[in-house]
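S.K.: sequence unknown, structure follows:
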């Protein structure tokens, strides 16, 4: 519930036994009136369906909140404010854990589903912008103005996040399926945006995330298997920066998990003297000081880096943002410090570790030797995922082969796979359903913003060398060679009796859900976790698209 609104006190909202900061109703009403006047000064009420017009409206409102943000941030930026903001992230992370484990009431869970992602993104952006200003200890603003200013900048940050996300969604993903309605004056809401496309990617992600470990079990380990990663890239990294991969990850983990907040009044976030930290780590680990410094820098957001890159909230692909970096460099009279929230730092460390298999690495670690090792690691990750798919499909009755590069079959029953068809990731047969399955395996990284969605759609569908085009060639080849492929599979001793399929089934199987699944109509495109859940729910192959009778 939201606490009673008192203009003289900061406001909090409770989820279970945890409170997070929320702007007061009076502040929300004030900005609502201002933003409505801004919107109606340029656009009349009605329904808009042209993507250019919708985007213009959204950018117009983004500009209103961006201007408000820029006016206020210099008045609030300080060590005190960044510690307050980071503490809010820790609180939000505790609520997120309760949400994931079903420990919130129905009304709280419903509220958090909407608020949580926006809240967390806004906190990260606020933190980045404070670092850009490199402020003093305390805000240079009269105390009586602070609460109102915090309310307004928080509302502005959340609205900036919301407007850029829906703008990217409209312009880059659902351009042909979106309408925006501006309501008449006096309406409860100001505007709404509707996507007329059956694509509940958020539900697909939620279902996948909640069930991945239980569905594919021990197979999930490769993405976060630091030891295996180190065997492949450790020497190359040590040659480049002076420490191996597992040493680098361990250094960051030590800082995050073992550091203790200074015994001062204030919020329980970490504010550490950078030079002293490097010396302590050197004494504790005996690793070179220069290498420790590089590792810390690779996880730190600094003013100079963000300025050089031109940090913007609507540019999710930027390196210097709080995704795989969660130490924030701040000035202090005694020397440069880093400040961080433990929950955000652990989340970013996990992002750093799991992104390695997709060849994402801090620029501070890059070299030709490291790049070559990353390519090898990425290939091994792909092979691992094909094994996950093969073993998972076997559990539901599809017995077959993976990673078939040149031919299928033994002796006189061999059929060669033409070069233009390429490697077949999986082909197998289910005796119970009389289905011959040909599957494509794509271990693509999850991305949940418009710009990442656009990249997925291009990679999977619209480019000349798209996964869809390549997979279609494989399906066509199988259709044209069914008798020979059946004969080849029968020659390999995989089945107790000769196979007799009545139809070909198809699937593009991904590790994480992808927005591309909403736009591929020819074949099912589904994460391995959701595929297994669908099979469990229905007791049979669950997809009607991409079925070809034999």
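M.R.: Arrived safely, thanks for sending. Keep in mind that what you see is a predicted model, and the values were worked out from it rather than measured.

S.K.: quick one, helices of the stretch 51-200 of the chain?
M.R.: 51-76, 79-100, 106-133, 143-168 (DSSP state H, counting those that start in this stretch).

S.K.: how is this protein carved up into domains?
M.R.: For the chain, automatic domain parsing gives the domain ranges 12-197, 209-370, 396-549.

S.K.: these: which one's closest to residue 381?
M.R.: When these are compared by CB to CB, domain 209-370 sits nearest residue 381, at 4.0 Å. Where you see a C-beta, it was placed from the backbone N, CA and C, and this is true even at glycine.

S.K.: gap between residue 469 and residue 444?
M.R.: 16 Å (CB to CB, to the nearest Å).

S.K.: in terms of neighbours, single out the busier of those two.
M.R.: When neighbours are counted by other CB atoms under 10 Å, residue 444 comes out ahead of the other of residue 469 and residue 444, with 19 against 13.

S.K.: check that one and give its pLDDT.
M.R.: In this prediction, residue 444 carries a pLDDT score of 85.

S.K.: can I get the helices of the stretch 51-200 of the chain in TSV with mean neighbour count and distance to residue 532?
M.R.: Listed next are the helices of the stretch 51-200 of the chain as TSV, based on neighbours: other CB atoms under 10 Å; distance: least, CB to CB, whole Å:
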stretch	mean neighbour count	distance to residue 532
helix 51-76	18	37
helix 79-100	21	20
helix 106-133	19	24
helix 143-168	20	30
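
S.K.: tell me the contacts of the residue nearest to residue 12 when sequence neighbours are not counted?
M.R.: By the measure of CB to CB, 6 or more residues apart in numbering, the closest residue to residue 12 outside its immediate chain neighbours is residue 19, 4.1 Å from it. Contacts for residue 19 (CB atoms under 8 Å, 6 or more residues apart in numbering) come out as 12-13, 91.

S.K.: what's the answer for residue 137, then?
M.R.: 78-80, 332 are the contacts of residue 137 under CB under 8 Å, 6+ apart.

S.K.: could you measure from residue 251 over to residue 243?
M.R.: Distance of residue 251 to residue 243, computed by CB to CB: 7 Å.

S.K.: got any residues that touch both of these two?
M.R.: 287, 292, 295.

S.K.: any of those buried? List them.
M.R.: Among those, the ones that count as buried by 16 or more other CB atoms under 10 Å are 287, 292, 295.

S.K.: lowest-pLDDT helix or strand in the protein?
M.R.: The weakest-scoring helix or strand in the chain, judged by mean pLDDT, DSSP states H and E, is helix 450-457 (a mean of 80).

S.K.: for the following helix or strand past that helix, give the mean pLDDT please.
M.R.: Using DSSP states H and E, the next helix or strand after helix 450-457 towards the C-terminus is helix 467-480. Averaging the model's pLDDT scores along helix 467-480 yields 96.

S.K.: what comes up buried for helix 467-480?
M.R.: Using 16+ other CB under 10 Å as the test for burial, helix 467-480 gives 467-468, 471, 474-475, 477-478.

S.K.: next: stretch 303-315.
M.R.: Residues of stretch 303-315 classed as buried by neighbour count (16+ other CB under 10 Å): 303, 305-306, 311, 313-314.
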